[in-house]
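Peer 1: From the sequence below, what's the structure:
(one chain, ligands or ions: 1)
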Amino acid sequence: MLELTNVEVIYSDVILAVKGISLNVPDGKCVTLLGGNGAGKSTTLKAISNVVKTEDGRVTSGTISFGGTRIDNEDPAAVVKGGIIHVMEGRRVLRHLTVEQNLVVGGHMASSLRDVRARLDEIYSRIGRLAALKDRTSGYLSGGEQQLLVIGRAMMAKPKLIMIDEPSLGLAPLMVDEVFALLKSLKAAGVTLLIVEQNTRVALDIADYGYVMENGRIVLEGAASDLRSNEDVREFYLGLN
Ligand code: ATP
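Peer 2: Predicted structure coming up:
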């Protein structure tokens, strides 16, 4: 279980981006963090992976724990070792490397070359499209293919929890469906998911539970099925009719 309690994040000692939020992601569940631009969603993920410190940000109060161990102010590499992978917004593939080379980079913690091969085979069998593209230079892939690749690269680390920031951003509807079908298959395989999305509909479709952020605070939370059906929520927070 990932647990955030009263977490506050400040950039450059002045910009209060996250104003004391608490949330839980139980093992094996999918939780989504919703809200408009600038609400603080990405900052929350960056606080958990602690890459926020590379942007001159700091968790200034509250606690973050994973599996009962405090991870706030932990080194980002140690957070990864602990089983949390953060797939950042913007599909950051290593553009000059092939698909397979990108995947191998994600498997750097594997114990042997044979283990890397086994992980690659597992990903190719789960994501057939990557198998077909394995020798292609990743910078030339479509946005959707790159999104599948960064998720595949995350899987190479065999994480317990994948945090993913705006996986649907800029993708054609069919590709959004493909990416979320992959996320659903990971959930079915027992991977815990924390998904930041502005595409409320697809996010609430996969999620068990949702939180809505506004201006650095959680303003609403509930079972995904309740958020989907609540009329006020749909209209005022989620922009659905
Ligand atoms: P988006 O979908 O636009 O990324 P978000 O909900 O993920 O929105 P954040 O990116 O977490 O929001 O931003 C929250 C607030 O923190 C915003 O006011 C933003 O301007 C500010 N912020 C984000 N990153 C930085 C940074 N590196 N330095 C200073 N301020 C930042």
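
Peer 1: Can you pull up the most central residue in the chain?
Peer 2: residue 164 (1.5 Å; Cα atoms, centre = their mean).

Peer 1: Helices of this protein, start to end?
Peer 2: Secondary structure of the chain by DSSP state H: the helices cover 41-49, 76-81, 99-106, 113-126, 128-132, 143-155, 173-188, 200-206, 224-229, 231-232.

Peer 1: Tell me which of these sits most buried.
Peer 2: Greatest average neighbour count among the helices of the chain goes to helix 41-49 (a mean of 24), per mean count of other Cβ atoms under 10 Å. Any C-beta I mention is one placed from the backbone N, CA and C, and that applies to glycine too.

Peer 1: Residue 155: what's it in contact with?
Peer 2: By Cβ atoms under 8 Å, 6 or more residues apart in numbering, the contact list for residue 155 reads 106, 119, 122, 123, 126, 162, 186, 191.

Peer 1: if we take those residues, which one ends up nearest to the ligand?
Peer 2: Nearest to the ligand, judged by Cβ to the nearest ligand atom, of the contacts of residue 155 is residue 162 at 17.1 Å.

Peer 1: Show the contacting residues for the closest one.
Peer 2: Contacts of residue 162 (Cβ under 8 Å, 6+ apart): 85, 87, 151, 154, 155, 186, 191, 192, 193, 194.

Peer 1: Contacts only, for the closest residue to residue 134 other than its chain neighbours.
Peer 2: Of all residues not flanking residue 134 in the chain, residue 100 sits nearest, at 4.4 Å (Cβ to Cβ, 6 or more residues apart in numbering). Residue 100 sits next to 120, 134, 135 when contact means Cβ under 8 Å, 6+ apart.

Peer 1: Run a quick neighbour tally on the nearest residue to the last one once chain neighbours are set aside.
Peer 2: Read that as residue 135. With Cβ to Cβ, 6+ apart as the criterion, residue 135 has its nearest non-adjacent residue at 5.4 Å, and that residue is residue 98. By other Cβ atoms under 10 Å, 15 other residues sit near residue 98.

Peer 1: and residue 98, how far is that from residue 50?
Peer 2: Between residue 98 and residue 50 the computed distance is 30 Å (Cβ to Cβ, to the nearest Å).

Peer 1: try residue 155
Peer 2: Distance from residue 155 to residue 50, by Cβ to Cβ: 21 Å.

Peer 1: Next: residue 170.
Peer 2: 27 Å.

Peer 1: what does residue 147 give?
Peer 2: Counting by Cβ to Cβ, the gap from residue 147 to residue 50 is 24 Å.

Peer 1: And for residue 199?
Peer 2: 27 Å.

Peer 1: more crowded one of those two?
Peer 2: residue 50 (23 against 19).

Peer 1: Nearest spatial neighbour of the more buried one, chain-adjacent residues omitted?
Peer 2: Spatial nearest neighbour of residue 50, excluding adjacent residues (Cβ to Cβ, 6+ apart): residue 76 at 4.9 Å.

Peer 1: What number of residues are in the vicinity of residue 91?
Peer 2: Count around residue 91 with other Cβ under 10 Å applied: 22.
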